[in-house]
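Novice: Using only what follows, build the 3D model:
(chains A, B, C and D)
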2 protein chains.
Amino acid sequence: MANQEFQQEHKTEIRAVNDAMEVLYGKWKISIISSICYYSKRRFSDILNDVNGISNKMLSKELKELELNELVKRTVLDTQPISVQYELTEHGKTLQTIINNLTNWGIEHRKKITGK
Amino acid sequence: MANQEFQQEHKTEIRAVNDAMEVLYGKWKISIISSICYYSKRRFSDILNDVNGISNKMLSKELKELELNELVKRTVLDTQPISVQYELTEHGKTLQTIINNLTNWGIEHRKKITGK
DNA sequence: CAGTATCCAAAGGGATACTG
DNA sequence: CAGTATCCCTTTGGATACTG
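Specialist: A predicted model of the protein is given here:
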């Protein structure tokens, strides 16, 4: 493989990893996914409680983005008053491995940095 | 396991994944790691070229943070003019699996969203 | 309950110029 | 070459209040 192709392939990889990160950026996105994933189905106010420190504005905004990226499915339940349920789509579930890896890495990293 | 413990474990997981994300946040961080990783050793100006659109200010800043987190090692080479080499530490290399997973996921996600 | 709307402070980051 | 410093605009996101 020529050097130029080698570099080109690298740039393609960078673009792909950035595509992934774009979806995950946002202060709360992973926590939200994690919450929904942990409980399978979760209502708006439940997530608001799970995720420490998030405001309703941010939760609403990040859920919308997750929905746009087809990671999360939103269902309005016919209750009184209304409640809304969120769950991961099949596509959303494919993130699980990555999140698990990140979780484990985070644990090791904390040990490493804070000095065991 | 009681319900409270169940929820507590979940919060611990969320904290761990956020620890990991903190390290990876920053518009350019993953691209920088990826560049260094791809070439094993890489100089400042090389990375500046690999990562499309980054400014020297940002590169400098993000490299410092990566160094603080012990993911990257900085070596000043005794050349004229000076050049500086960056490489991944052992700890930094443990991120490779995650980055590969993210890259693959990014490729699939793009197919999915932009409509195959 | 599940959001929206508004106001505002702080952080992020681009462009450009300068330094050892 | 490998950064720093500065200026300044944009984005993020917290607090609070309001709505169907």
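Novice: Now the element after the lowest-mean-pLDDT helix or strand in chain A, going C-ward?
Specialist: Ranked by mean pLDDT, DSSP states H and E, the helix or strand of chain A with the weakest confidence is helix A:3-24, at a mean of 88. Downstream of helix A:3-24, the next assigned helix or strand under DSSP states H and E is helix A:29-39.
Novice: That following helix near DNA strand C anywhere?
Specialist: No. Helix A:29-39 does not reach DNA strand C (C-beta under 7 Å from any atom of the strand); its nearest approach is 11.7 Å. Every residue, glycine included, has its C-beta placed from N, CA and C.
Novice: Only alpha carbons, please: show that helix as CSV.
Specialist: In CSV, the C-alpha atoms belonging to helix A:29-39 read as follows (Å, rounded to 0.1, in the frame of the first residue of the first chain):
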residue,chain,number,x,y,z
LYS,A,29,-26.0,11.5,26.7
ILE,A,30,-24.2,8.4,27.9
SER,A,31,-25.8,8.6,31.3
ILE,A,32,-29.2,8.8,29.7
ILE,A,33,-28.6,5.8,27.5
SER,A,34,-27.2,4.0,30.4
SER,A,35,-30.3,4.7,32.5
ILE,A,36,-32.7,3.6,29.8
CYS,A,37,-30.6,0.5,29.1
TYR,A,38,-30.3,-0.5,32.7
TYR,A,39,-34.1,-0.4,33.2
